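*Asks:* below are the sequence and a predicted model for it; my questions follow.
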Amino acid sequence: MNADLKAERSRATFDTELVTALLDGGKEKTARRRQLEALIAKDPTGIFSNEDNAYLHRKDRHVRALAKHVRLVELCRAHGIGSEPGADGDITLSPDFPTLLAAVADDIPTALHWVMFTPNIRSLCDDEQQAKWLPLCKNWKMIGCYAQTELGHGSNIRALETTAMFLPESQGGDAGGSWIINSPTLTASKFWPGTLGRTANHAMVIARLIDGSGKDRGIHNFLVPLRSMDDHTLLPGVVTGDIGPKIGLNNYDNGFARFDNVKIPRRNMAMRFAKVDEHGKYTKISMSDATSKVAYITMMLVRAFIVNEAGKHLAQACTVSIRYSAVRRQGFDETGKKEVQILDYRQQQHRLLPHLAESYCFFFTGRKLLQHLFSIENRLVSGSEDVLKTEVADLHASSSALKSFTTTVAADGIEDCRKACGGHGFLQCSGLPELATTYLQNPTVEGDNHMLPQQVVKVLLKLVNAVQSGDADAVAEYKRCDSIYLIPSLKSILGEDDVEQCTASSEESMMDLHLLLAAYRHRAARLLVGVAAQIQEAVSEGTTMQKAWNDALIQMSRVSRAHALYLLLENFVISLSDEIKTGELLGQSEIEVLKDLARLFGLYWLERDIGDFLEDGYLSSEQAGWVRSGVLRTLDKVRPNAVALVDARDFSDFRLKSALGRYDGNVYPEIMKSAQKDQLNQTEPGPGYEEHLKKLIVGGLGVYTGTQSRL
């Protein structure tokens, strides 16, 4: 064990095991997670080893990742994973499956099968279709993907070109009618769907439905066979392939697909909410308000999981960079004899410790968001309580704002952690380059982070209208909504109450969590009212609504960010308050350490956005100074516990895949071990000497022999 890391752990003021249990959801769940991680890390086949990943060609990594998936399925079947109540033999529905996937610590090419394909069958297909296809899915006979994005249109659903034209039996269709799936142009080619390129044998294709009368009925889902389930060869009219090397996620075969008059059965259209009969007649199936909301909740769950994962990925980067910053010494102390731990440099603390705070903050909000979604879903399914459209829309705004903010911060934060490791952070063996480039997809998938703020503001403007109009009934609909926090500040800004100002009277009071929340609340409400006023004024002066909306997009991004920051800090504070009340897992020492992280998060982002709070006089210049000094004071409080706080995340060395982030701190032997494994070091002289370099050194090819005529 490295002496510096050992000393860091001995100075911790809290019990890391208790915080680990909190993060896992209980001590029993921690034990179960560790058991499942050991199942992967100690698998006797060695298939799950990631030691050689950096030295493998992309093709070899893809094949190796497929082998990991097959072995994972084999282990799940052998250990009864998927046999739990409710899973019905589907390992992807087991509560243990996400833990096992995380334990593999590598990207599995089949992921879109359970992330998008089977959820679409469950939510959009009728009972008969589910009974036919889901058994094939759970038994891994049918492996699918979700084919929506197109080469020329991305996720602009209204512009998608792929067509599904009804063909009656009388005109060459199969019995009961068929669909002809077609890619009419190059830009209509499906492009980017994961698992599509070489792995999937079926795709849920999003296409324009042309019914029997020739009418375009808009976008619908169609289950399209791609490859034979006997030998995996492409079926007639289907062309698929991998889109080529990417900045990350290169285990995945993100693919392209083109369809040349591919015939599929009529019943391969997802028919839960719409159907077409054997004559080509299109009918919308009416669904209850509850069913509609459940489908909406299912869509939001994907974003909620992304928010939940943002904290985990950022925490991995923090673990590597903070442990390494405790081990790495650079420069000398005042005696000139002892090198200084780089974690003791104030600048390094300011680079890393706020990211540590963010990683914990994201955990509490991710947990809260998922709990909220599942709670609403249960209320809808059971019918125990009414769920208002306002509540569902508000949750959509929250998930959109949080997805946009957390994934941006996590992506930037992982890169900050890499840079904070200096030159060694540039090595693949640090684990940080792959972590950074793999995570970079998240600001784009499930809604581009620069576009999502529009959806946030569109929902929140309705609350502004309700408050401004004085409609008590409309305002009352927000009693169970996240955005209810805005109402007091909206009333103040819109003129009903006194003007709000920060009440901090000292540097100490500036660090109060509830005072920080009040500041974030005011900022979010003020920016939201500003957007409403900007649009209203532009339209009143004759600007079209579309142009007024477009002109306000930059300000909308600020509103979305402000909304997300309030929710993140509020969820952190409320979660700690709940832990204090229950006292089930954490003691006072653990609570105080987590409160320090909450303060650091609140003060750090207040300092970063200080102009927003000074702009309207909410903060005075003196209070702004207290914010800056408060950040430094909080860094001092977090610093002694920094290593223990990343230890509490309990990432094994197997999962971290990092020479710099090893638990034992033996960084430098591991770096050299990694260097010696490179193929360039396996022969003497090195590769290329005989064929090329020898011509210069021995053969004299580069010897200057005098001036020659120039070309």
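*Replies:* Happy to help now that I have it. Numbers count the residues shown, from 1 in each chain.
*Asks:* drop to CA atoms for contacts and neighbour counts, all remaining ones
*Replies:* OK.
*Asks:* pull out the buried residues from the biggest helix by length in the chain.
*Replies:* Once the chain is assigned using DSSP state H, the helix that runs over the most residues is helix 289-327. By 16 or more other Cα atoms under 10 Å, the buried positions in helix 289-327 come out as 290-291, 293-294, 296-327.
*Asks:* ditto for stretch 181-191
*Replies:* Residues 181-183, 187-191 are the ones in stretch 181-191 that count as buried (16+ other Cα under 10 Å).
*Asks:* residues touching the nearest residue to A518 once chain neighbours are set aside, list them.
*Replies:* Taking Cα to Cα, 6 or more residues apart in numbering as the measure, A518 lies nearest to C502, with 7.9 Å between them; neighbours along the chain are not counted. Taking Cα atoms under 8 Å, 6 or more residues apart in numbering, we find C502 in contact with 515, 518-519, 618-619.
*Asks:* 10 Å - rerun?
*Replies:* Residues near C502 by Cα atoms under 10 Å, 6 or more residues apart in numbering: 510, 515-516, 518-519, 522, 613, 617-620, 623.
*Asks:* select only the buried ones of those in ChimeraX?
*Replies:* For the buried members of those, the matching ChimeraX selection, counting by 16+ other Cα under 10 Å, is:
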select :510,515,516,518,519,522,613,618,619,620,623
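*Asks:* which of the contacts of C502 sits closest to K29?
*Replies:* Checking the contacts of C502 against K29 with Cα to Cα, the nearest one is L516 at 33.7 Å.
*Asks:* name the helices or strands packed onto whichever helix or strand the closest one is part of?
*Replies:* Counting by DSSP states H and E, the element that carries L516 is helix 513-540. Packed against helix 513-540 by the contact rule (3 or more Cα pairs under 10 Å, 6 or more residues apart in numbering; DSSP states H and E) you find helix 452-469, helix 487-493, helix 507-510, helix 545-551, helix 553-582, helix 588-608, helix 610-614.
*Asks:* let's see that with 7 Å instead.
*Replies:* Under the contact criterion of 3 or more Cα pairs under 7 Å, 6 or more residues apart in numbering; DSSP states H and E, the helices and strands touching helix 513-540 comprise helix 487-493, helix 545-551, helix 553-582.
*Asks:* of all those, which one is nearest L167?
*Replies:* Taking Cα to Cα as the measure, the helices and strands packed on helix 513-540 were each checked against L167, and helix 545-551 came out nearest at 39.4 Å.
*Asks:* tell me the contacts of the residue most central in space within the chain?
*Replies:* Residue closest to the average C-alpha location in the chain (Cα atoms, centre = their mean): I306, at 3.1 Å. Applying Cα atoms under 7 Å, 6 or more residues apart in numbering, one finds that I306 lies in contact with K403.
*Asks:* which one of the helices and strands packed on helix 513-540 lies nearest to Q349?
*Replies:* helix 553-582 (20.7 Å).
*Asks:* verify the stated contact: S589 with F14.
*Replies:* Yes. In terms of Cα atoms under 7 Å, S589 counts as a neighbour of F14; the distance is 5.3 Å.
*Asks:* returning to what we had before: give me the angle between the helix holding L516 and helix 553-582.
*Replies:* Interaxial angle of helix 513-540 relative to helix 553-582 (axes from the mean of the first three to the mean of the last three Cα atoms, to 10 degrees): 150 degrees.
*Asks:* chain center to helix 513-540, what's the gap?
*Replies:* Taking the mean of its C-alpha atoms, helix 513-540 sits 27 Å from the chain's own mean (Cα atoms, centre = their mean, to the nearest Å).
*Asks:* ditto for stretch 266-282
*Replies:* Computed by Cα atoms, centre = their mean, the separation of stretch 266-282 from the middle of its chain amounts to 35 Å.
*Asks:* now stretch 231-241
*Replies:* Here the centre of mass of C-alpha atoms in stretch 231-241, compared against the chain's by Cα atoms, centre = their mean, lies 32 Å away.
*Asks:* repeat that for stretch 346-366.
*Replies:* Relative to the mean C-alpha coordinate of its chain, stretch 346-366 is positioned 17 Å out (Cα atoms, centre = their mean).
*Asks:* would you mark the buried spots in it?
*Replies:* Buried residues in stretch 346-366 (16+ other Cα under 10 Å): 348-349, 351-366.
*Asks:* strands along this structure, start to end?
*Replies:* All strands of the chain, identified by DSSP state E, fall at 144-147, 163-167, 178-182, 190-191, 202-210, 216-225, 238-242, 255-259, 262-265, 274-276, 282-284, 329-332, 339-341.
*Asks:* can you put the ones you listed in TSV and add distance to R558?
*Replies:* Shown next, in TSV, are these (distance: least, Cα to Cα, whole Å):
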stretch	distance to R558
strand 144-147	32
strand 163-167	39
strand 178-182	42
strand 190-191	32
strand 202-210	33
strand 216-225	32
strand 238-242	38
strand 255-259	35
strand 262-265	46
strand 274-276	39
strand 282-284	39
strand 329-332	39
strand 339-341	38
